[in-house]
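Enquirer: What shape does this take:
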Amino acid sequence: MWAGRSLLDLVHPRHRASFAGHITSVIATESNGSDNSYSCYLRQYRGLHSSGFCVMEKWVGYLPFQLTMCFKETEDDDPKLYLVINALPIQSAYKYGDELHKSTKFTTRHTASTHLCHIDPEVTTYFGYLPQDIIGRSILEFYHPDDLYFLKEVYQAVMKVQGHLFRSRPCRFRSQNGGFALVETELSSFINPWSRKLEFVICQHTVLRGPPNPDVTTPVYEPNTWLKPEDLREETKILYEEIKCLLNETVVRNCETAKLQVTKRCNDLAVFMENLMDELTKPPNLKVDIVTEEQS
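Expert: Numbers count the residues shown, from 1 in each chain. Next up is the predicted model:
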């Protein structure tokens with residue numbers, strides 16, 4: 001059913017532009033051994049047996065796949081370049097609802113404005129999102145509104161420890177089908193040493209309990225899955241702004257950290273001066289080697 005059709009026709013419309021851009025980058029990155037994998041939604045087969053006779057009016061389904069790409073050239077008189085794609089379906093990590101499941105750690109990174117700038121591909125298995133679909137969105141949108149009070153305290157602690165790892169208590173994190181999984185997160189921050197401003201926060205997540213609906217990878221297109229900004233409670237909007245303001249404050253250098261840095265520098269300077277003085281006070285070596293000729 002796929003033979004003779006354009007590959008882009010099988011890719012979800014919102015992924016076609018980034019998919020075409022990724023293909024063009026494969027040629028440049030293939031020689032240096034870079035990872036050429038890409039995640040996207042591929043169209044499900046829609047025929048008479050699966051959709052009935054009113055094919056044109058049926059909903060088109062898509063499923064997430066992990067694609068690995070490479071270019072190969074035919075070995076004949078008229079060589080041609082072919083794109084070879086290995087597609088593997090991405091399965092949900094859960095077998096039943098509210099499954100107690102301690103996952104491996106996966107990482108997200110967000111800026112001081114709370115917008116996601118990096119997401120590990122494992123997020124699709126645990127929450128159903130494709131990385132390119134949520135890059136640029138605020139990480140606060142994915143937490144349960146009732147956990148935002150505690151989340152504000154977590155970010156206050158992260159700003160206070162200044163780069164050290166901080167483990168939060170479990171919070172509820174939204175999956176793409178609307179349910180919430182229980183997630184434990186270890187956070188660390190990077191503070192610009194010159195501006196003393198937060199550059200980004202690194203979050204290492206571990207899923208402790210899955211969402212009520214274990215099928216997190218099947219796309220959900222219901223309009224009520226995500227709340228619009230105007231539908232948020234007023235207190236939720238206030239907490240959003242308070243957390244953003246907190247992350248954009250100038251970080252005051254920790255007194256204990258500053259003392260340790262000054263002490264270390266003083267010790268290093270003392271050792272250097274001691275070695276220098278030892279070199280200056282050492283008596284000069286006046287020994288002269290006299291070479292005598294052997295008598296015959």
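Enquirer: quick one: pLDDT of residue 112?
Expert: pLDDT recorded at residue 112 is 95.
Enquirer: Would you enumerate the residues in contact with it?
Expert: Residues near residue 112 by Cβ atoms under 8 Å, 6 or more residues apart in numbering: 197-201, 244, 247-248. For every residue, glycine as well, the C-beta is placed using N, CA and C.
Enquirer: What is the nearest of the residues you listed to residue 169?
Expert: Within these, the smallest distance to residue 169 is 16.9 Å, found for residue 201 (Cβ to Cβ).
Enquirer: Output the helix or strand hosting the closest one as CSV, restricted to C-alpha atoms.
Expert: Per DSSP states H and E, residue 201 falls inside strand 198-209. Output of strand 198-209 as CSV, limited to C-alpha atoms (Å, rounded to 0.1, in the frame of the first residue of the first chain):
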residue,chain,number,x,y,z
LEU,A,198,20.3,31.4,35.9
GLU,A,199,21.1,29.9,32.4
PHE,A,200,19.2,26.6,32.6
VAL,A,201,17.9,23.9,34.9
ILE,A,202,18.7,20.2,34.3
CYS,A,203,16.1,17.8,35.5
GLN,A,204,16.7,14.1,35.8
HIS,A,205,13.3,12.3,36.0
THR,A,206,12.3,8.9,37.3
VAL,A,207,8.8,7.6,36.9
LEU,A,208,7.5,5.9,40.1
ARG,A,209,3.9,5.3,39.1
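Enquirer: Quick one: mean pLDDT over that strand.
Expert: On average, strand 198-209 scores 96.
Enquirer: Please identify the buried residues of that strand?
Expert: 198, 200-207, 209 (16 or more other Cβ atoms under 10 Å).
Enquirer: ok, residues contacting that strand?
Expert: For strand 198-209, using Cβ under 8 Å, 6+ apart, the contacting residues are 93, 98-112, 117, 126, 139, 155, 158-159, 170, 173, 181-192, 247-248, 251.
Enquirer: among those residues, which ones are buried?
Expert: For the contacts of strand 198-209, buried by 16+ other Cβ under 10 Å: 93, 101, 103, 106, 108-112, 126, 139, 155, 158-159, 173, 181-185, 187-189, 191, 247, 251.
Enquirer: Inside helices: which ones of those?
Expert: Within the buried ones among the contacts of strand 198-209, residues falling in helices by DSSP state H are 126, 155, 158-159, 247.
Enquirer: Surely residue 115 is in contact with residue 134?
Expert: No. Counting by Cβ atoms under 8 Å, residue 115 does not reach residue 134; the two are 10.0 Å apart.
Enquirer: follow-up on the earlier one: closest one to residue 264 out of the buried residues of strand 198-209, please.
Expert: Using Cβ to Cβ, residue 198 comes nearest to residue 264 of the buried residues of strand 198-209, at 24.4 Å.
Enquirer: how about the nearest residue to that closest one, chain neighbours excluded?
Expert: Take residue 198 and drop its neighbours on the chain: the residue closest to it by Cβ to Cβ, 6 or more residues apart in numbering is residue 112, 4.5 Å away.
Enquirer: C-alpha coordinates for stretch 162-172, CSV please?
Expert: What follows is stretch 162-172, C-alpha atoms only, in CSV (Å, rounded to 0.1, in the frame of the first residue of the first chain):
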residue,chain,number,x,y,z
GLN,A,162,23.5,27.0,43.3
GLY,A,163,24.5,24.2,41.0
HIS,A,164,24.3,21.3,43.5
LEU,A,165,21.9,18.4,43.0
PHE,A,166,18.5,18.8,44.7
ARG,A,167,16.0,15.9,44.9
SER,A,168,12.4,16.8,45.1
ARG,A,169,9.5,14.8,46.4
PRO,A,170,7.4,13.1,43.8
CYS,A,171,5.1,15.3,41.7
ARG,A,172,2.4,14.6,39.1
